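Q: With the sequence up front, the predicted model follows.
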Amino acid sequence: MNKSLSFIFIFFLQVSIGIAQVTFNNLRCEYFENPLGIDEPYPRFTWQLESEKQGVSQSAYQLIVGTIESDIVSGRGNIWESGTVDSSTIPAVYQGSGLSSFTRYFWRVRIRDYNEQWSDWSPIAFFETGMMHQTDWKGSWISDGHGLNGNSIHVKEAPYFRKEFNTNKSILSARAYIAAAGFYELYINGERIGDHQLDPMFTRYDRRNLYVTYDVTSNLQRGDNALGVILGNGWYNHQSTAVWFFDRAPWRNRPTFCMDLYITYDDGSVETIVTGTDWKTSSGAIIFNSIYTAEHYDARLEKNGWNTPGFNDQEWKNVIHRAAPSRNITAQTLQPIRHTEEIQSVEIKKLDEYTWLFDFGRNISGVTKLKIKGPEGATIRLKHGELLGNDGRIDMSNLDEHYRPTDDTDPFQTDVFILGGRNYEEEFMARFNYKGFQYVEVSSPHPLQLSEENLTAYFMHSDVPPAGKIHTSNNTINKMWEAANASYLSNLFGYPTDCPHREKNGWTGDGHIAIEMGLYNFEAITIYEKWLADHRDEQQPNGVLPGIIPSSGWGYHWANGLDWTSSLIIIPWNIYLFYGDIRLLERSYDNIKRYLDYVEENYPSGLTDWGLGDWIPVKSRASKELTSSIYYYVDATILSKTAKLLGKEEDNKKYGALADKIKDAVNGKYLDYETGIYGSGLQTEQSMALYWELVPDEVKDKVTANLVKRVEADNKHIDVGLLGSKTILNALSENGFPQLAWEVASQESFPSWGWWIVNGATTFFENWPIEREHINSLNHIMFGEISAWFYKGLGGIFPDEQEPGFKNIILKPNFVTGLNSFEASHRGPYGTITSSWVKKGEVVEYRTTVPANSSALLHLEGKSITENLRALEDNPLIDMVESLNGRYILKLQSGNYRFEIQ
């Protein structure tokens, strides 16, 4: 064979077999791997491609769904076949006939590349449906006998429930579906089911309740079986008193639950064991539990074997039926809360004969487990805090100011454990509570001898998978990123909170300010979809939202203006940008319209001062009317864009015109066109106008220059509050001053993020000063945007609004002076994106990975640029989009790249 024929043969061979080398990874339904118990009628499917080849992309897909696995193996779906869908994007959405309850559906996908070659089918994945209809439930809502008493909400003891049943057949599969108002723990034959904590998640209980599904096939046995449930108060029966009045919530009642145990036998028959009046109830060792404060446990009251077959429950009482808390019982399809890390103390001190102090070396959310042996009735107190006083003991003064106790029986963040007097080491760990702490004081009226082995801490939060990572040559920056993540996770409990101790509230402003840091670092879409459902539940008919969500009814009168409750709009928009998934915008669309229509009706001028303003600034307070009106503009702009995406042309025009009106009103009142100054020219005022794109093109350079002057006048330190912390670094780096942004971000003197770190912080604070008289919470997420800025301002990783979900990646790295190397990775919907650089003398080596089935638009600047030691035009995977005066815009196909820049 001559050379030319050989070349042609090899070329066609590569074309014919190339796509066969594609590997499918991360096949997910509703963003879970093989989920159980979903009730979404139109589930979403996602997948990722990997290939050793570069430039791999998808031009179409075929997806099949069926209940017969052998058919799926053969490439047929008896429930739905999508046919050939000419699309390169995900997610794919199920469009078949109605899904049946309690059914396992198998699915797989294959893709066609741009050479018109079809891949092999992906591995088979599955999803199982749960209660597709409210009428599927067979069990009754039950509670203990205290539910008949008007004072039942004040009963302290947690209720225990049990039921025995017998199975004489061989079991094929079994699923437990359990819903509760409050928290629960489920047991079968003495074994706790699952590893979730604080299930189900907090919702507006009188409007929506969540159920959880468990595969309990291996927990059941032929013959006698026992079911056991413990209920905790949670937010449903909030017994502690604080300024947000959850103890007066309209739904408040004694905890209740409903469960169906759905058993399928080998012979095909089905039996459902349900909650009803044949269950028995009693109190137990949990004598008090509060999600806000702590838990009290009396080991003398333990009922050994209460959740196993054969237990004598003759002294137990009958349960009562209860009305369902709401008519909307839906699946809990979000990442569960778990104990994610076991932490040992780094230091232990004996403060006196009766008190020991444990230092766990870092601030976390979670619980502790005590192992101790002692006399019957000995009372151990475990006081959790994040700050020590001058006397070396825990100082609660920064935490308990919002707590309004009526007596001394419910000390803040203090568990109480009464020993049973066993002749072995007893254990205690709170079940229905979590705390924010670094230190724990263990005390008792009796002398104590303890070691580090007696107390262990557990980091606890919604267990969202990591999605991003950064590492730099600056160790303070590395610690800053770690602290930001620790703060974010410490404040994720089925909804984003502000702090894990003094409030535990879902502050809307904190939530949307931190949305990008959450999405760059974690796969958190399921948490935000749930929280936006909470938003929709809380919205009043006129469109108004409370400042905290979920709410007991507090917050509709304060802290709920444009700068806070824009979470309703900003979060769904960011989910769309990061995931390319429009569903959250679709489901929130009418709510967003109602919200904006309310604002327009009440603030017809286009200006509004409805909001809190730039909360907790360093020293300078920006105009509240300016900042709130900017968010009004942001909301109208997003709604106009969303209307266009959804094909709602009239709304697109209407809200686009509203955005223009607001922009003109803001600039007309607050922009001095001659000087380029907004308001008083503060960092927040200048940077917000730039970042949120209100600045007219003809004065953008002036406004930017004034921001630079303001920052330099502030000695290259921040002078912002919450709102400005979102925009200050981004406005600088995205408007030509990344070096100055870096110098502000990397400061280690007051005021700065680095000031916290060099003074020992392991989480982010609520206030910039660290002097004791100024200290608020030491574990807050409100100033966490800097973590997202690392990805954007240094790594240059941005989603592309025109091709969202990182289908096309915008790459604008900044090789700042003062940093020798930087690495960032982010796992987007199509795979892992990397952006890293290292300085080697006069040369910067920049590396990036563009996942299969995606592309990137890379912006670089330099006198000379090569890729893998060759000219740019020699790489067929690189297209030169623009080259002007040493500035390049390059279009990259998927693959790995190494650039050398001089």
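A: Perfect, thanks for sending it.
Q: how much space between Ser556 and Thr277?
A: Ser isn't right for residue 556; it's Tyr. 40 Å (Cβ to Cβ, to the nearest Å). Using the backbone N, CA and C atoms, a C-beta is placed for each residue, glycine as well.
Q: Just list what the longest strand along the chain packs against, helices and strands only.
A: If you go by DSSP state E, the chain has its longest strand at strand 355-372. Using 3 or more Cβ pairs under 8 Å, 6 or more residues apart in numbering; DSSP states H and E, the elements in contact with strand 355-372 are strand 337-343, strand 347-352, strand 379-385, strand 414-418, strand 426-429, strand 435-443, strand 455-462, helix 475-490.
Q: what packs against the next helix or strand after the longest one?
A: Helices and strands here follow DSSP states H and E; after helix 475-490, the next one along the chain is helix 508-513. Under the contact criterion of 3+ Cβ pairs under 8 Å, 6+ apart, helix 508-513 touches helix 562-565, helix 567-579, helix 722-733.
Q: Convert helix 508-513 to PDB, retaining C-alpha atoms only.
A: What follows is helix 508-513, C-alpha atoms only, in PDB (Å, rounded to 0.1, in the frame of the first residue of the first chain):
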ATOM      1  CA  THR A 508     -32.300  35.600  51.300                       C
ATOM      2  CA  GLY A 509     -29.600  38.300  50.900                       C
ATOM      3  CA  ASP A 510     -26.800  36.000  52.200                       C
ATOM      4  CA  GLY A 511     -28.100  33.200  50.000                       C
ATOM      5  CA  HIS A 512     -28.000  35.100  46.700                       C
ATOM      6  CA  ILE A 513     -24.700  36.900  47.400                       C
END
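Q: what separates that helix from the chain centre, distance-wise?
A: Helix 508-513 sits 12 Å away from the centroid of its parent chain (Cα atoms, centre = their mean, to the nearest Å).
Q: following that helix, which helix or strand comes up?
A: helix 515-521.
Q: Tell me which residues are up against that following helix.
A: Here helix 515-521 makes contact (Cβ atoms under 8 Å, 6 or more residues apart in numbering) with 466-469, 484-485, 488, 496, 524-525, 528, 570-571, 574-575, 578, 784-788, 791-792, 797, 826.
Q: In PyMOL, select just the buried ones from the residues you listed.
A: This is how PyMOL selects the buried members of the contacts of helix 515-521, with burial counted by 16 or more other Cβ atoms under 10 Å:
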select buried, resi 467+468+469+484+485+488+496+524+525+528+570+571+574+575+578+784+785+786+787+788+791+792+797+826
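Q: Pick out whichever of Tyr556 and Thr277 has more residues nearby.
A: Tyr556 (15 against 11; other Cβ atoms under 10 Å).
Q: before we move on, the earlier item: of all the helices and strands packed on helix 508-513, which one comes closest to Leu301?
A: helix 567-579 (43.5 Å; Cβ to Cβ).
Q: any idea of the angle the next helix or strand after that closest one forms with helix 567-579?
A: On the C-terminal side of helix 567-579, the closest following helix or strand by DSSP H and E is helix 583-602. Using axes from the mean of the first three to the mean of the last three Cα atoms, to 10 degrees, the inter-axis angle of helix 583-602 relative to helix 567-579 is 150 degrees.
Q: What mean pLDDT does helix 583-602 get?
A: Here helix 583-602 scores 98 as its mean pLDDT.
Q: Give me the contacts around that helix.
A: Outside helix 583-602, the residues touching it (Cβ under 8 Å, 6+ apart) are 44, 528-529, 532-533, 535-536, 539, 541-545, 562, 565, 568-569, 571-573, 575-576, 608, 610, 632, 635-636, 638-639, 642-643, 645-646, 651, 655, 658.
Q: Leaving out the residues flanking it, which one is nearest to Ile343?
A: Spatial nearest neighbour of Ile343, excluding adjacent residues (Cβ to Cβ, 6 or more residues apart in numbering): Ala457 at 4.3 Å.
Q: and Arg254, what helix or strand is that in?
A: Going by DSSP H and E, Arg254 is not part of any helix or strand.
Q: One more: Val634?
A: Counting by DSSP H and E, Val634 is found in helix 624-645.
Q: tell me what that helix is packed against?
A: helix 562-565, helix 567-579, helix 583-602, helix 649-670, helix 683-691.
Q: Show me which residues of that helix are buried.
A: Neighbour count says helix 624-645 has 624-643 buried, by 16+ other Cβ under 10 Å.
Q: still on that earlier bit, wouldn't the residue nearest to Ile343 be in contact with Ser365 here?
A: No: if you go by Cβ atoms under 8 Å, Ala457 and Ser365 don't touch, sitting 10.2 Å apart.
Q: quick one on the thing from earlier: who touches the residue nearest to Ile343 in this structure?
A: Residues in contact with Ala457 (Cβ under 8 Å, 6+ apart) are 342-345, 360, 364, 366-368, 437, 440.
Q: residues contacting the residue positioned nearest the centre of the chain?
A: Nearest to the geometric centre of the chain sits Ala524, at 4.0 Å (Cα atoms, centre = their mean). Shown in contact with Ala524 (Cβ under 8 Å, 6+ apart): 335, 462, 464, 467, 492, 518.
Q: before we move on, what about Pro43?
A: Counted by Cβ under 8 Å, 6+ apart, Pro43 has contacts 29-30, 93-94, 99, 127.
Q: What of Leu172?
A: 217, 264-266 are the contacts of Leu172 under Cβ under 8 Å, 6+ apart.
Q: Specify which member of the residues you listed is nearest to Pro35.
A: Thr217 (16.5 Å).
Q: And that closest one, what's its pLDDT?
A: Looking at Thr217, its pLDDT is 98.
Q: Thought Ser170 was touching it, still the case?
A: No: using Cβ under 8 Å, Thr217 makes no contact with Ser170, being 11.2 Å away.
Q: where do the helices sit along the stretch 751-900 of the chain?
A: 753-758, 785-789 (DSSP state H, counting those that start in this stretch).
Q: Tabulate the ones you listed (a markdown table), appending mean pLDDT and distance to Gln54.
A: Below are the helices of the stretch 751-900 of the chain laid out as a markdown table (pLDDT from 0 to 100; distance: least, Cβ to Cβ, whole Å):
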| stretch | mean pLDDT | distance to Gln54 |
| --- | --- | --- |
| helix 753-758 | 98 | 38 |
| helix 785-789 | 98 | 29 |
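Q: Who's the closest spatial neighbour of Lys369, skipping the chain neighbours?
A: Lys369 sits nearest to Met429 (Cβ to Cβ, 6+ apart), 4.1 Å away.
Q: that older thread, now render the contacts of Pro43 as a markdown table, adding distance to Asn233.
A: Converted to a markdown table, the contacts of Pro43 look like this (distance: Cβ to Cβ, whole Å):
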| residue | distance to Asn233 |
| --- | --- |
| Cys29 | 34 |
| Glu30 | 30 |
| Val93 | 39 |
| Tyr94 | 38 |
| Leu99 | 35 |
| Phe127 | 33 |
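Q: Of those residues, which is the nearest to Ser725?
A: Nearest member of the contacts of Pro43 to Ser725, counting by Cβ to Cβ, is Glu30, at 33.3 Å.
Q: State the distance from that closest one to Val666.
A: Counting by Cβ to Cβ, the gap from Glu30 to Val666 is 40 Å.
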